[in-house]
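K.L.:
turn this into a structure:
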Amino acid sequence: MRKILVIHGPNLNLLGKREPHIYGSVTLEEINKSLRKRARAKKCKLTIVQSNHEGEICDLIGKGKDKFDALLINPAAYTHTSVAIRDAIAGSGMPAVEVHLSNIYSREKFRHKSLISPVAKGSIFGFGPHSYLLGLEALLDLLDAK
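P.N.:
Next up is the predicted model:
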């Protein structure tokens, strides 16, 4: 059975309440529920974590390299600032897909640069909660192709 680590970055615990005009009204719990449903159908096990702390995210990735087959990550604001998370992903050897609810290129200029994209197999953004499901499907396709 394939095992995937899902990491939600800072402030994603506020989904459904925080800036719904940008992020929508779906909660993180609802996203996780849809991810688990899709994973069950695909015979895949997910471990899902949300953290507001950069170091904790790095620790999860570093410890996960021997436990998980792949990483699905929404680094949120750390997308644009965290060399540490970028290096953790690169060092893990796990294939990773970066996801975002909003289109980072249609937002403020400082959000146009992702430090994560160069070390991810791909990035999916702008499709709201569906970005996560598309990212999961992409990871499963990558794992199947191995």
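K.L.:
what is the top helix by length along the chain packed up against?
P.N.:
Ranked by residue count under DSSP state H, the longest helix found in the chain is helix 130-145. Helix 130-145 sits against strand 2-8, helix 28-41, strand 70-74, strand 96-100, strand 122-125, with contacts defined as 3 or more CB pairs under 8 Å, 6 or more residues apart in numbering; DSSP states H and E. The C-beta positions use only the backbone N, C-alpha and C, and glycine is treated the same way.
K.L.:
those: which one's closest to Leu142?
P.N.:
strand 70-74 (6.9 Å; CB to CB).
K.L.:
contact partners of that closest one?
P.N.:
Contact partners of strand 70-74, identified using CB atoms under 8 Å, 6 or more residues apart in numbering, comprise 2, 4-9, 12, 61, 64, 85, 89, 92, 94-101, 116, 120, 131-132, 135-136, 139, 142-143.
K.L.:
could you redo the last one with a cut-off of 6 Å?
P.N.:
4-9, 94-99, 135-136, 139, 143 (CB atoms under 6 Å, 6 or more residues apart in numbering).
K.L.:
quick one, that strand and helix 28-41 angle?
P.N.:
Calculated by axes from the mean of the first three to the mean of the last three CA atoms, to 10 degrees, strand 70-74 forms an angle of 160 degrees with helix 28-41.
K.L.:
who does strand 70-74 pair up with?
P.N.:
When pairs are called by DSSP bridges, strand 70-74 turns out to pair with strand 2-8 (parallel), strand 96-100 (parallel).
K.L.:
okay, the angle between the longest one and helix 130-145?
P.N.:
Right, the one you point to is strand 2-8. Going by the same axes, to 10 degrees, strand 2-8 makes 150 degrees with helix 130-145.
K.L.:
now the last one
P.N.:
The directions of strand 96-100 and helix 130-145 differ by 170 degrees, with the same axes, to 10 degrees as the criterion.
K.L.:
and of the helices and strands packed on helix 130-145, who's closest to Ser51?
P.N.:
strand 2-8 (7.0 Å).
K.L.:
and that closest one, average pLDDT?
P.N.:
Mean pLDDT, computed over strand 2-8, is 98.
K.L.:
chain center to it: distance?
P.N.:
The chain centroid and the centroid of strand 2-8 are separated by 8 Å, computed with CA atoms, centre = their mean, to the nearest Å.
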